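Visitor: Show me the folded form of this:
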Amino acid sequence: MKLKVVNSPDSCSKLMNLCNLAFYEREHSTSSALSYLNEAKPLLKKCDSTSLHCGYFNTIGSIFIFKQRYDSAIHYFQQANECYREVNQFDQILSSRLNLAACLQNTDRELQAFSTYQEIYEQADSLKKWYIKGIAAANIGQHYSQVGLYHNAISYYHESAEIFRSQGRTSYVITINSNLGTVYTSLKMYSVAKTLYEDLIQLTGSNRMIAMNLTIRGNYAEIYRRIGNPDKSLQILDSILIESENLDNPETESLVYQCMGNCYQDKQEFKKAIECFKKAIEISGKFQNWQVHDISSIRLGYILLKIDQIDEFEQLIDTLYLNDSSRYEDYLEVKTLYYEKNNKPHLALKVKSDLLEYILHKDSLELNEQISTLAAEYQTLQKNQQLALQQAHLEAQQAELKTKNWIMYAGAGSTLLLLIIGLLEFKRRREKNKIEKERAVLKGKQEMAEILQNKLSKELHDGVGYSLRLISEKLNKADTNEELKSVLKEVNALKEEVRVLSYQLSPLELDKLSLEEAVKLHVSKINDSTKISTSLNIYPEDCLQDLNSDIKNDLF
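Guide: Purely as a prediction, here's the structure:
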């Protein structure tokens, strides 16, 4: 059970203390224990400790067990189970479910209790929680014993006893073996039961387990009654009765009186049997031991019928049954037996008719209840199916949406990848074209350089070289000023020729003028220095603009 809480360490500490006080106070005063829990209840909203919430529900459930308000206890133990499951406290879940199963037993929901014990048994086995498994096995054995499946009961009782023996829990082993003795007695395996009880009597005596010792001795006495020795049984029961009275043990005392009544009934000493059964009814009623009370009442009723004490019998069955509507069927059966015993068949027939009508009415109510339960379960099943279909449809839509998203993402990814590849290819081609253009320019430069080199080589060889040799020869032969002047003139011409070659290698005009202006200037010089008429046409007009220096030099 989830609560919206605001955590407060002080509140959690106080809640834990109050739950502990309530748990330990429950055996002395359930009202005081409940007052502690009432004080603790507001703190649940101030403490977010799920474990403490679980402890609160578990504690209040155990208090209602002491108050014998089992339906309320079941409610709180179920809440505790849900709470423990949230925090995965499996040990506490099993312990709480043991209490839940015990409450189911006390509200006559035996099958539901039995089913719960079986689940606890299997879960404890898988979790290796041997103590809880032993408790569950003992209760399963008790259920099989009550429905007459004695061999199944023996198997579970043996397993439970072995578990507790391995853990050194002697009192548990004694209790289980005592129950096992009653099973052997029911199977008429008296020698086995007798030997078992003798061992238990010795064991409980040495361990000073007095109350248990008296109970086992009572069972031991019952064996002697069943094998036809009521006197020996009464002898044992007398000694037990004296000890139980001295110990102020009314539970054992009422059981002893019931057993003594059985013995006197077997001996046909009905007056003593009636006294014993009345004593058992009185004591067990006072201390609410209803099992002994009811069995003793029924046996007393049969004796009263047998000895024809009709008025007392009618008073007994009216008191026993009519005050408890849940036992009306038993009342009608006893009444039928009474009328048949007293040769009143018409009245017996009327009671049988009432009994049949009551059974049919009860079965009709149970059938209607089962139909209502089945209808509710069917509606729940339909709702669950609708929810399952809605869930499946939602999951299918989510799966379809997820698939579409993946397709969309894949498409977008593919498009992006293709775009990236395209951009890379475009960049690669652009770089390639750039490199090819640069290569073409470089190749052009190399070709121009080779042409210029060949031209310079030829000019230097044919022009400058020849002129230098001629000047050298003239200088060797020159004797007059006229000859020297002639040589000087040739030197100046050679100088001009060298200047032209130098100019061709690096035109100075390009440092000051644009390519177009430099070309026009060069054409003008050609016109001035030669008789060749030269003109310059540039098309398109802007084709020589915005060129870098290398291209300008190459073109010039």
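Visitor: Give the burial count for Ile298, as a bare number.
Guide: Using other Cβ atoms under 10 Å, Ile298 has 15 other residues around it. For glycine as for every other residue, the C-beta is placed from the backbone atoms N, C-alpha and C.
Visitor: typo on my end, Arg428
Guide: Counted by other Cβ under 10 Å, the residues lying close to Arg428 total 10.
Visitor: average pLDDT across the one helix or strand it maps to?
Guide: Using DSSP states H and E, Arg428 falls within helix 345-458. Mean pLDDT, helix 345-458: 75.
Visitor: name the helices or strands packed onto that helix?
Guide: Secondary-structure packing of helix 345-458 (3 or more Cβ pairs under 8 Å, 6 or more residues apart in numbering; DSSP states H and E): helix 328-341, helix 481-505, helix 549-555.
Visitor: Could you tell me how far that helix lies from the centre of the chain?
Guide: 25 Å (Cα atoms, centre = their mean, to the nearest Å).
Visitor: List every C-alpha atom in stretch 290-300, with coordinates, as CSV.
Guide: Taking Å, rounded to 0.1, in the frame of the first residue of the first chain, the C-alpha atoms of stretch 290-300 are listed here in CSV:
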residue,chain,number,x,y,z
TRP,A,290,-14.9,-24.6,21.6
GLN,A,291,-13.6,-27.9,20.2
VAL,A,292,-13.7,-29.7,23.6
HIS,A,293,-17.0,-27.9,24.4
ASP,A,294,-18.8,-29.0,21.2
ILE,A,295,-17.5,-32.6,21.3
SER,A,296,-18.4,-33.0,24.9
SER,A,297,-21.9,-31.5,24.3
ILE,A,298,-22.6,-33.9,21.4
ARG,A,299,-21.5,-36.9,23.4
LEU,A,300,-23.6,-35.8,26.4
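Visitor: which residues touch that stretch?
Guide: Applying Cβ atoms under 8 Å, 6 or more residues apart in numbering, the contact partners of stretch 290-300 are 254-255, 257-258, 261-262, 265, 273-274, 277-278, 280-281, 284-285, 316, 320, 334.
Visitor: Identify those among these that sit within helices.
Guide: By the criterion of DSSP state H, membership of the contacts of stretch 290-300 in helices covers 254-255, 257-258, 261-262, 265, 273-274, 277-278, 280-281, 284-285, 316, 334.
Visitor: Relative to Glu222, how far out is Lys306?
Guide: 21 Å (Cβ to Cβ, to the nearest Å).
Visitor: Same drill for these two, tell me which one is more crowded.
Guide: Taking other Cβ under 10 Å, Lys306 and Glu222 do not tie; Glu222 has more neighbours (24 against 14).
Visitor: tell me the SS of the more buried one?
Guide: At Glu222 the chain is in helix, as set by DSSP: H, G, I helix; E, B strand; the rest coil.
Visitor: Hmm, Thr252 and Phe287 touching each other?
Guide: No - counting by Cβ atoms under 8 Å, Phe287 does not reach Thr252; the two are 10.9 Å apart.
Visitor: of the two, who's got more company?
Guide: Using other Cβ under 10 Å, the more surrounded residue of Phe287 and Thr252 is Thr252, with 23 against 13.
Visitor: Quick check: the more buried one touching Ile216?
Guide: No - here Thr252 lies out of contact with Ile216, judged by Cβ under 8 Å, at a distance of 10.5 Å.
Visitor: re earlier: are any of the ones in helices among the contacts of stretch 290-300 buried, and which?
Guide: If you count burial by 16 or more other Cβ atoms under 10 Å, the buried members of the ones in helices among the contacts of stretch 290-300 come out as 254-255, 257-258, 261-262, 265, 273-274, 277-278, 280-281, 284-285, 316, 334.
Visitor: what residues go with each domain of the chain?
Guide: What automatic domain parsing lists as the domains of the chain is 1-108, 435-505, 511-556.
Visitor: Would you mind finding the most buried of the ones you listed?
Guide: Comparing those by mean neighbour count (mean count of other Cβ atoms under 10 Å), domain 1-108 ranks first with a mean of 18.
Visitor: Skip ahead from the least confident helix or strand in the chain by mean pLDDT and say which helix or strand is next.
Guide: In the chain, no helix or strand scores lower on mean pLDDT, DSSP states H and E than helix 509-512, which sits at a mean of 59. Sequence order places helix 515-529 as the next helix or strand after helix 509-512, per DSSP H and E.
Visitor: Against which helices or strands is that next one packed?
Guide: Short answer (3+ Cβ pairs under 8 Å, 6+ apart): helix 515-529 packs on helix 509-512.
Visitor: correct me, but Ile536 touches Lys520?
Guide: One thing to correct before we go on: residue 536 is Leu, not Ile. Yes - counting by Cβ under 8 Å, Lys520 is a contact partner of Leu536 at 5.8 Å.
Visitor: ok, now how distant is Gly285 from Lys552?
Guide: The spacing between Gly285 and Lys552, counted by Cβ to Cβ, is 133 Å.
Visitor: That should have said Ser244, apologies.
Guide: When Ser244 is compared with Lys552 (using Cβ to Cβ), they lie 135 Å apart.
Visitor: can you check Tyr24 too?
Guide: 110 Å.
Visitor: ok, now Ala221?
Guide: 138 Å.
Visitor: Please enumerate the helices of the stretch 101-250 of the chain.
Guide: Ranges of helices in the stretch 101-250 of the chain, per DSSP state H, counting those that start in this stretch, are 110-127, 130-146, 150-166, 170-186, 190-206, 210-226, 230-246, 250-266.
Visitor: What is the fifth one packed up against?
Guide: It stands for helix 190-206. Looks like helix 190-206 contacts helix 170-186, helix 210-226 (3+ Cβ pairs under 8 Å, 6+ apart).
Visitor: Kindly calculate the angle that that helix makes with helix 170-186.
Guide: Put simply, helix 190-206 runs at 160 degrees to helix 170-186, going by axes from the mean of the first three to the mean of the last three Cα atoms, to 10 degrees.
Visitor: Now whichever strand or helix holds Leu305: average pLDDT?
Guide: Per DSSP H and E, Leu305 falls inside helix 290-306. In this model, helix 290-306 has a mean pLDDT of 77.
Visitor: same check, this time on stretch 145-160
Guide: Averaging pLDDT residue by residue across stretch 145-160 gives 91.
Visitor: what residues does that stretch touch?
Guide: The list of residues contacting stretch 145-160 from outside it, by Cβ under 8 Å, 6+ apart, reads 110, 134-135, 137-138, 140-144, 172, 176-177, 179-180, 182-184, 186-187.
Visitor: Those residues, buried ones only, as a PyMOL selection?
Guide: Buried subset of these, written as a PyMOL selection, criterion 16+ other Cβ under 10 Å:
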select buried, resi 134+135+137+138+140+141+142+143+144+172+176+177+179+180+182+183+184
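Visitor: what's near enough to touch Asn289?
Guide: Contact analysis of Asn289 by Cβ under 8 Å, 6+ apart lists Glu251, Ser254, Leu255, Ile283.
Visitor: Let me know the closest of the residues you listed to Leu547.
Guide: Glu251 (125.0 Å; Cβ to Cβ).
Visitor: what's the closest non-adjacent residue to the closest one?
Guide: Asn289 (5.8 Å; Cβ to Cβ, 6 or more residues apart in numbering).
Visitor: now do Asn106
Guide: Leaving aside its sequence neighbours, Asn106 sits nearest to Tyr70 (Cβ to Cβ, 6+ apart; 4.7 Å).
Visitor: Check the gap between that neighbour and Cys54 for me.
Guide: 20 Å.
Visitor: ditto for Asp528
Guide: From Asp528 to Cys54 the distance is 118 Å (Cβ to Cβ).
Visitor: what do you get for Tyr302?
Guide: As for Tyr302, its distance to Cys54 is 50 Å (criterion: Cβ to Cβ).
Visitor: burial count for Asn213?
Guide: Neighbourhood size, Asn213 [other Cβ under 10 Å]: 22.
Visitor: Isn't it up against Gly205?
Guide: Yes - counting by Cβ under 8 Å, Asn213 touches Gly205, with 5.6 Å between them.
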